[in-house]
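Peer 1: Just need the structure, nothing else, for what follows:
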Amino acid sequence: MTPARITSFLVKVASRCNLDCDYCYVYHHADQSWRAMPKLLSAEDRSCFATRLGAYTAQAEITHCAVVFHGGEPLLAGADKLAAFAAQIRAATTAKVDVGLQTNGLLLDDAALDQLEAADIGVSLSLDGPRAAQDKHRTTRKGRSSFDKVLAALERLKKRPRLFAGVIAVIDTATSPEDLFAFFDAHHPPNLDFLLPDAHHLRLPPGRALDPSLYERWLIGAFDLWLDHYPHLPVRTFEALLDAVSGLPSRTDAFGFGDVSLISIETDGSYHDLDVLKVTQDGATSLGGSVRDTPIADIATSPRIAAHRALLSKAGLCRECQACPIVEICGGGSLPHRFGTDGFNHPTVYCREMLALVEHARVRLAELLLPSDDALDSALPTGTDLAAFDLAESATAMMDDLCAGARSAARDALLGTVRELRATHPELGPAITAFDALSVSEQEELASAPGAIAWRHTLDIQTAAYEVQAVDGAAIQADASYLQDLLAQPSRDGSGFQIGFPDPWLRIPFGEAIYFEDEATTAKVKPIVEEALQIIERWRPAMAREMRMACGAIQFIRDPLAHPDKIVSFSDNSVPGALYVSVLQGDDPIDAYDLADSLLHEHRHQKLYLLERLAPTVASTAALVSSPWREDLRPPSGLLHAVFVFVELRRFWLHVRDEGPARLHNRAINQLRDTEENLRDAFVTLDSCPLTPLGRELVAVLKASAERELA
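Peer 2: Okay, here's the model as predicted:
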């Protein structure tokens, strides 16, 4: 197993607190080690941590990480000391370090905020909601209210948007979702996290023994209220849930599988695992060693971290979880909530709630993705004719609109990224000035380059302090300096494409899963590419024009797991407009007609992606179906894409049969026979798939076209 990649560090700068929250995992659960801890992290340990972090980020080639000052209440250490500590950390490493602070807000006056803002320390506030919710659990040691002081801190933070990171609230089912959302809606926090009370099988969630459906009702009610009335509030808990049921990374350890990327440092300088594991048993978090005597790299490879990582994989779950239909979404739930008499060999104690909430979210998402015909019509351009869209000769106006919309959206997104870089990367000043000097059309062209889109998307996720992974699971990082490389890239050549250019961001998203041909091979096969494009041009000039409009780059690839003679190709919506094609069979260039087939194949995927930007063709579903073109089961969307592709490829091979070279005549006949048989089977399967109105109409058009041409 490769070492854990630690990119987040929770540093306890104070071990005491000026509140006495009755649910706190530090003071009111199994692990009571805080009693023996120094009240504050010493100057020596602060210095040692900064040095260790610098050494580790250099050794592990980490270019971006996060440090969170925590406690207890971290401001008991003093805002001035925290500001100095942040500067010390950043000075010790070449990595970009996002420094944050989790506070109860009692000491968050303007003087402290001035110091934190000057030190670029983001602030996240712990606040459970309106007065009744806050004062039920979050009181002083004498049982007095904390609400007024925390509300004042919230008002101060709202005036400093650059500083304000968000609010964390612990759920109490006695507070109605209506009251909670009404309160937070009045304050518009930049981010909002709802946390379930920390519990496990030896310490059950409060109140659930008397009312087994208590949390299930609350969560579903809150989710519906958010989705229907407060979707503008960025509730990370529910956004992560929608990501998970959609098959996307959830960005939270509450849903889906993951890896260990965080460690804690206590006020005695010792290394610890995920802090919330303190709810399970005494000593549950200790990793051994401290910042004074142990490199962070050693902790990343420690047995306890390895054991934690194993528990975050499917193989590390109990049998009940491994057999569960939502295991890929739930991932077993938060690790501390799985604890019981035999360790973590249990489903989450919130399993019932998780099952109900995931299923409910699936239903709601399906409703959203299955719009009425009226709603569908409003999402598509006026007068949309899918039969015309299918054929390049009649799709020109619609493709012009779709491509123009995609370019405009890409420019808007890149403008936002450039604004962020202007504030955070002054060394990019000349590149940003050069970008600003471009015309709108030039900016659109630059922003819609496939590599630019992949880089910008990765950079935006990375800026939000989330890890991004390549197709093969390896972590990837976006370097802001790519903006300079993007401005210097050559434009498309006379063919209308950027052919074989070694743009790193056309390659990074795929890690080691795909091999990219070298410059010598690129030079060798360029004449074959030009010939393939000429074949398409002679066959149907409208198709060639459409390809140049929708696609901008051709990359030469090889599947390292496939037979050397197998022709492979792919495209991916994370790099829209890029066509990935193999160009060799063994050591020899492939036939130009085979390459034309691959280019047409991947262009049709890109064309359908453009349409699906406006409205979905398939409802959200976890179902898989058989595809006559694949041995493995596919999602219905994959089958619909295949049909859209092969309806067009059938037209191409009809042309090859009738007007192509004699050497390919029999090959074309066989190709057409297989394609026609596969299309018949695919249409039967699609009849039972959960298609949207757009999807049903598109399948009807493709089926009618295929049947007409078959006749």
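Peer 1: pLDDT below threshold where in the stretch 101-250 of the chain?
Peer 2: Along the stretch 101-250 of the chain, segments meeting pLDDT under 70 span 247-250.
Peer 1: For it, which segments count as helices?
Peer 2: 110-118, 131-137, 147-158, 177-185, 214-229, 236-245 (DSSP state H, counting those that start in this stretch).
Peer 1: which of these sits most buried?
Peer 2: Most buried of the helices of the stretch 101-250 of the chain by mean neighbour count (mean count of other CB atoms under 10 Å) is helix 236-245; its value is a mean of 21. (Glycine included, C-beta is placed from N, CA and C.)
Peer 1: to the chain's geometric centre, what's the distance from that helix?
Peer 2: 11 Å (CA atoms, centre = their mean, to the nearest Å).
Peer 1: tilt between that helix and helix 214-229?
Peer 2: Per axes from the mean of the first three to the mean of the last three CA atoms, to 10 degrees, the angle that helix 236-245 makes with helix 214-229 is 90 degrees.
Peer 1: Starting from helix 236-245, tell me the next helix or strand along the chain.
Peer 2: strand 262-265 (DSSP states H and E).
Peer 1: Counting by contacts, list what that following strand packs against.
Peer 2: The contact analysis (3 or more CB pairs under 8 Å, 6 or more residues apart in numbering; DSSP states H and E) places strand 262-265 against strand 8-12, strand 270-272.
Peer 1: Out of these, which gets nearest to residue 353?
Peer 2: Nearest to residue 353 among those is strand 8-12 (26.4 Å), distances taken as CB to CB.
Peer 1: before we move on, back to that, could you dump the helices of the stretch 101-250 of the chain to a markdown table with distance to residue 33?
Peer 2: Shown next, in a markdown table, are the helices of the stretch 101-250 of the chain (distance: least, CB to CB, whole Å):
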| stretch | distance to residue 33 |
| --- | --- |
| helix 110-118 | 28 |
| helix 131-137 | 22 |
| helix 147-158 | 27 |
| helix 177-185 | 33 |
| helix 214-229 | 29 |
| helix 236-245 | 29 |
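Peer 1: which other residues reach stretch 445-452?
Peer 2: 406-407, 410-411, 413-415, 435, 438, 453, 456, 486-487, 489, 498, 503-506, 552-553, 575-578 (CB atoms under 8 Å, 6 or more residues apart in numbering).
Peer 1: how about 6 Å then?
Peer 2: 407, 410, 411, 414, 486, 503, 505, 506, 553, 575, 577, 578 (CB atoms under 6 Å, 6 or more residues apart in numbering).
Peer 1: repeat for stretch 120-131
Peer 2: With CB under 6 Å, 6+ apart, stretch 120-131 has contacts from 86, 99-102, 104-105, 134, 147, 150, 163, 165-170, 175, 179-180, 183.
Peer 1: Could you tell me which of those belong to strands?
Peer 2: Using DSSP state E, 99, 100, 101, 102, 165, 166, 167, 168, 169, 170 are the members of the contacts of stretch 120-131 that sit in strands.
Peer 1: returning to what we had before: among the helices of the stretch 101-250 of the chain, which is nearest residue 427?
Peer 2: Evaluated over the helices of the stretch 101-250 of the chain, closeness to residue 427 peaks at helix 110-118, with 20.8 Å, by CB to CB.
Peer 1: name the helices or strands packed onto the closest one?
Peer 2: Helix 110-118 sits against helix 79-91, with contacts defined as 3 or more CB pairs under 6 Å, 6 or more residues apart in numbering; DSSP states H and E.
Peer 1: Identify whichever of the helices and strands packed on strand 262-265 lies nearest to residue 221.
Peer 2: strand 8-12 (32.1 Å).
Peer 1: For the helix or strand following the closest one, which residues meet the burial criterion?
Peer 2: Toward the C-terminus, strand 8-12 is succeeded by helix 43-59 as the next helix or strand (DSSP H and E). Using 16 or more other CB atoms under 10 Å as the test for burial, helix 43-59 gives 45, 46, 47, 48, 49, 50, 51, 52, 53, 54, 56, 57.
Peer 1: Next, the angle from helix 43-59 to strand 8-12.
Peer 2: Between the axes of helix 43-59 and strand 8-12, defined by the same axes, to 10 degrees, the angle is 180 degrees.
Peer 1: now whichever helix or strand comes after helix 43-59, how far from the chain's geometric center?
Peer 2: Note on helix 43-59: by DSSP H and E, the next helix or strand toward the C-terminus is strand 64-70. Taking CA atoms, centre = their mean, one finds the center of strand 64-70 at 20 Å from the center of the full chain.
Peer 1: Counting by contacts, list what strand 64-70 packs against.
Peer 2: For strand 64-70, the packing partners by 3+ CB pairs under 6 Å, 6+ apart are strand 8-12, strand 96-103.
Peer 1: can you redo the ones you listed as a markdown table with distance to residue 36 and mean neighbour count?
Peer 2: Below are the helices and strands packed on strand 64-70 laid out as a markdown table (distance: least, CB to CB, whole Å; neighbours: other CB atoms under 10 Å):
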| stretch | distance to residue 36 | mean neighbour count |
| --- | --- | --- |
| strand 8-12 | 13 | 23 |
| strand 96-103 | 22 | 21 |
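Peer 1: can you put those strands in a markdown table and add distance to residue 425?
Peer 2: Below are these laid out as a markdown table (distance: least, CB to CB, whole Å):
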| stretch | distance to residue 425 |
| --- | --- |
| strand 8-12 | 22 |
| strand 96-103 | 9 |
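Peer 1: Tell me which of these lies nearest to residue 307.
Peer 2: Distance to residue 307, taken as CB to CB, is lowest for strand 8-12 among the helices and strands packed on strand 64-70, at 19.1 Å.
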